[in-house]
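A.B. asks: build me a model:
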Amino acid sequence: MQNLNYNFPQYNFSVIGNGMSKKTAQIVILQPNEGRHYSMGNLSSVFKADDVETNGKYSISEWWLEPYTKGPGIHSHENEDDVFYVLEGIMSIFINGEWVEAPKGAFVLAPGGVPHDFENRSAARAGVLNFSIPGNFEKNMPAIVNWFNYNPQND
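C.D. replies: Reported below is the predicted structural model:
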């Protein structure tokens, strides 16, 4: 059986021996600061890819916190792994029952069901690249933005 890979402007298809094709994900090319933006006061997110672009397999977003900004609070996602890679500054991340200082380049994996949180306790802006696996996380953003509007996290 021969496998052939074809790249089209919007989709990546793999043709498998029997000629059947399967959509795997959209091709996404974004320049810095591009994506779908959500503002939550001193905290913001930029979604790079989610359900539509990844066929529901994962969600990729940036989360930016201004100095001395709390995050969403300690929480867990029962069936979703959360991966954090620090892009800038020092992010304080709660995992395994304790707060860990994660500088630029640090990596933290919060498996499904594990309580976690993130906040910026420093005097400089901090950001993380977040992978949520599986995807479809962005559908929650309108409710999350609404929650932050009623519960500002700048103290």
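A.B. asks: list of residues touching the helix ranked longest in the chain?
C.D. replies: Taking DSSP state H as the criterion, the chain has its longest helix at helix 141-150. Residues external to helix 141-150 that are found in contact with it (C-beta atoms under 8 Å, 6 or more residues apart in numbering): 38, 39, 40, 41, 43, 45, 47, 72. In this view, the C-beta of every residue, glycine as well, is placed from N, C-alpha and C.
A.B. asks: please repeat the previous calculation with a cut-off of 6 Å.
C.D. replies: The contact list for helix 141-150, computed with C-beta atoms under 6 Å, 6 or more residues apart in numbering, reads 38, 40, 41.
A.B. asks: from memory the first one sits against residue 45, does it?
C.D. replies: Yes - here residue 38 lies in contact with residue 45, judged by C-beta atoms under 6 Å, at a distance of 4.7 Å.
A.B. asks: the more surrounded of those two?
C.D. replies: Under the neighbour definition other C-beta atoms under 10 Å, residue 38 and residue 45 were set side by side, and residue 45 has more, 23 against 18.
A.B. asks: please name the residues that touch the more buried one.
C.D. replies: 38, 61, 63.
A.B. asks: and those as TSV, adding distance to residue 102?
C.D. replies: Output for those, formatted as TSV (distance: C-beta to C-beta, whole Å):
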residue	distance to residue 102
38	22
61	17
63	13
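A.B. asks: of all these, which comes closest to residue 87?
C.D. replies: For the contacts of residue 45, the closest approach to residue 87 (C-beta to C-beta) belongs to residue 63, at 9.2 Å.
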